[in-house]
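[1] model this:
(one chain, ligands or ions: 1)
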Amino acid sequence: MEILKWREMYETGIVSMDDQHKALIQLVNKLYMMLRDKEGVDELDAILQEMSDYAEYHLRDEETLLETHGYPGLDTQKTSHQEYYEVMDQLLTEMETDKYQAAQKIYVFLRKWWIDHIVGEDKKYSEFLKEKGVQ
Ligand SMILES: [Fe+2]
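    Okay, here's the model as predicted:
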């Protein structure tokens, strides 16, 4: 599996969201490199903590932005974000038994989830927010 490259098609055109999405992809790539280089379990725990914290910050920030501007698809976004939390909770529990295997699963899940979510859901708010004057 190759490292995840940011593409123009992932851009929502909303600067703060794109910056946060890029930072998230970088963290996913950092996890990929740590798994590839067989880094220690403490390092894995640290990157997963950093990634979970940043994801939570981003999802909350995104929901606040959408709520502020009265985005009609807010509930769909919240449901999708909730699904992310549920799967991650489950996968993080698996870290207690086999860290490497669980971290691999987390990597595979996040890589797909973020891209699917950004392209499938987040890009839908681009035009709406731009019309509201958000850049
Ligand atoms: Fe989202």
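
[2] Let's see stretch 33-40 as PDB, backbone CA atoms only.
    Provided in PDB are the C-alpha atoms of stretch 33-40 (Å, rounded to 0.1, in the frame of the first residue of the first chain):
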ATOM      1  CA  MET A  33       5.300   5.200   8.100                       C
ATOM      2  CA  MET A  34       5.500   4.100  11.800                       C
ATOM      3  CA  LEU A  35       3.900   0.800  10.900                       C
ATOM      4  CA  ARG A  36       6.200   0.300   7.900                       C
ATOM      5  CA  ASP A  37       9.200   1.100  10.100                       C
ATOM      6  CA  LYS A  38       7.900  -1.200  12.900                       C
ATOM      7  CA  GLU A  39       8.100   1.600  15.500                       C
ATOM      8  CA  GLY A  40       7.600   0.700  19.200                       C
END
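
[3] residues in contact with that stretch?
    Contacting residues not belonging to stretch 33-40 are listed as Ile3, Glu43, Leu44, Ile47, Tyr100, Ala103, Gln104, Tyr107 [C-beta atoms under 8 Å, 6 or more residues apart in numbering]. Backbone N, C-alpha and C define where each C-beta goes, glycine included.

[4] interface residues of this structure facing the ion?
    For the chain, the residues in contact with the ion (C-beta under 5 Å from the ion) are Glu62, Gln77, Asp122.

[5] Among these, which ones are in helices?
    Glu62, Gln77 (DSSP state H).

[6] By neighbours, which of the residues of the chain next to the ion wins?
    In terms of neighbours by other C-beta atoms under 10 Å, the residues of the chain next to the ion top out with Glu62 at 24 neighbours.

[7] tell me the contacts of it?
    Met17, Gln20, Gln77, His81, Asp122.

[8] quick one, what contacts the third one?
    By C-beta under 8 Å, 6+ apart, the residues touching Gln77 are Glu62, Glu63, Leu66, Tyr71, Glu121, Asp122, Tyr125.
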